[in-house]
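Novice: Have a look at this prediction, sequence included:
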Amino acid sequence: MKWDSGLYDNKHNFVAEYGKGLLEFVPVDKSQSILDLGCGTGLLTAELAKLCGCVLGIDGSLPMIEKARRQFPKLTFEVMDALKLLFIQEWDVVFSNAVFHWIADQDLLLQKIHKSLKPSGKLICEFGAFGNIQIIEEGFRTVLEDLGHIYHSKFTFPTVEFFGSLLIKNGFVIDKIYEYDRPTPLNDGDKGLYNWARQFFETDLKGFTVAEQDFILRNLLEKVREKLWNGTTWVADYKRLRVIAHSTF
Ligand code: BEZ
C-alpha cells in the first residue's frame, strides 16, 4: 500500500490519538533510549522524546518519514524495514503503535526486535487483535464475492494465545498481554467509512475502474450500515492486542 502522509494525518489522526494511551506504559527516564517502530508521521515519536534521552523513529514509508522530518526537525527519523533491523542490544524500549498487523511474519519481527533490545529491554506495543475490523472485512469480502472476486486479507490479527507463544519462542517474558474492543469513530461524518475503505483497501480496489470502486465502496456501506453507523458517525470495529514484555538473555 502507498502511504499518503497528508491523508494519514488529516483523516486518520485518531491512530496517533489512541496511541497516546500506550504511552502510559513507557517509563519516564532520561537515560533510556527508545526505538519507535513504524513511527508514521512522528506524532508519537515527539511524545516519546519527552520521556527519554534518545529516540529514533523508523518507518518503511519514505513519504511518512519525510513528513515526520518536516514536522519535527529536531528529532531523528529513518526509513527502515522492520524485518531487516540490524540493531544489536541497542535499545532500552521498542515502542510500536498500530503497526504489527501490517507485518505477516510476526515471528521474524519479534526475533529482530529481541536482537535490537538490551538485556531486560522492553517491548511496548499495540495493534489489531484477532477479530479486528471483522465486520468491515466481512462486508468487503461479500461485496467482492457478489462480483465474482476473491478477497485476500493482507492483515495479520493474532489471538492473545498465538502472539503470546511467539513472544516466548523469541525470548520474551510477558508482563501484560490482553485484548480489548476499541470501537473507533472515523472522521468525515457520512464519508468516514467510504474514505477509510478507499485508503486501506486501495490495493484490493486497484484492478477496478473508478466507477466500479465507487460501486463496491457504496455497497460495503450498505452491508455494514446497521452495525457500524450510529446516525452521525461511522464507528469501525477495532479490537486491540496490547503487549508489555521484556527480553531475557
Ligand atoms: C488498525 O489500526 O487496526 C487498522 C488500520 C487500517 C487497516 C486495518 C487495520
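Specialist: It's in.

Novice: Show me what counts as buried in stretch 62-76.
Specialist: For stretch 62-76, the buried set under the neighbour-count rule, 16 or more other CB atoms under 10 Å, comprises 63-65, 67-69, 71-72, 75. C-betas here are computed from N, CA, C, even on glycine.

Novice: which of the residues in the helix or strand hosting residue 138 are buried?
Specialist: Element membership of residue 138 [criterion: DSSP states H and E] is helix 134-146. Under the neighbour-count criterion of 16+ other CB under 10 Å, helix 134-146 has 136-137, 139-141, 143-144 buried.

Novice: again, but for stretch 112-120
Specialist: 112-118.

Novice: Stretch 173-185 too?
Specialist: 177, 179, 182, 184.

Novice: Likewise for stretch 200-219?
Specialist: Those would be 200-201, 204-205, 213, 216-217, 219, for stretch 200-219 by 16+ other CB under 10 Å.

Novice: now residue 39: how far from residue 205?
Specialist: Distance, residue 39 to residue 205, using CB to CB, to the nearest Å: 27 Å.

Novice: what's the spacing between the longest helix seen in the chain and its chain's center?
Specialist: Identified as the longest helix of the chain according to DSSP state H is helix 210-228. The chain centroid and the centroid of helix 210-228 are separated by 24 Å under CA atoms, centre = their mean, to the nearest Å.

Novice: ok, now stretch 148-166?
Specialist: 13 Å.

Novice: What are the contacting residues of that stretch?
Specialist: Stretch 148-166 is contacted from outside by 1, 100-104, 106-107, 110, 127-133, 137, 140-141, 144-145, 174, 177-179, 203-204, 239, 241, 243, using CB atoms under 8 Å, 6 or more residues apart in numbering.

Novice: any low-confidence regions in this protein?
Specialist: 3, 6-15 (pLDDT under 70).

Novice: Give me the residue at the spatial middle of the chain.
Specialist: The C-alpha lying nearest the average C-alpha coordinate of the chain belongs to residue 98 (CA atoms, centre = their mean; 1.9 Å).

Novice: Please tell me I have it right and it contacts residue 38.
Specialist: Yes. Contact criterion CB atoms under 8 Å: residue 98 and residue 38 qualify, at 7.4 Å.

Novice: Give the residues shared as contacts by those two.
Specialist: By CB under 8 Å, 6+ apart, no residue touches both residue 98 and residue 38.

Novice: After the host helix or strand of residue 95, which helix or strand is next?
Specialist: In the assignment (DSSP H and E), residue 95 maps to strand 91-97. The helix or strand immediately downstream of strand 91-97 is helix 106-116, counting by DSSP H and E.

Novice: Run through who's touching stretch 39-47.
Specialist: So stretch 39-47 is in contact with 3, 5, 8-9, 13, 15-16, 19-20, 23, 36, 55, 57-59, 61, 64-65, 67-69, 71-72, 75, 77, 95, 97, going by CB under 8 Å, 6+ apart.
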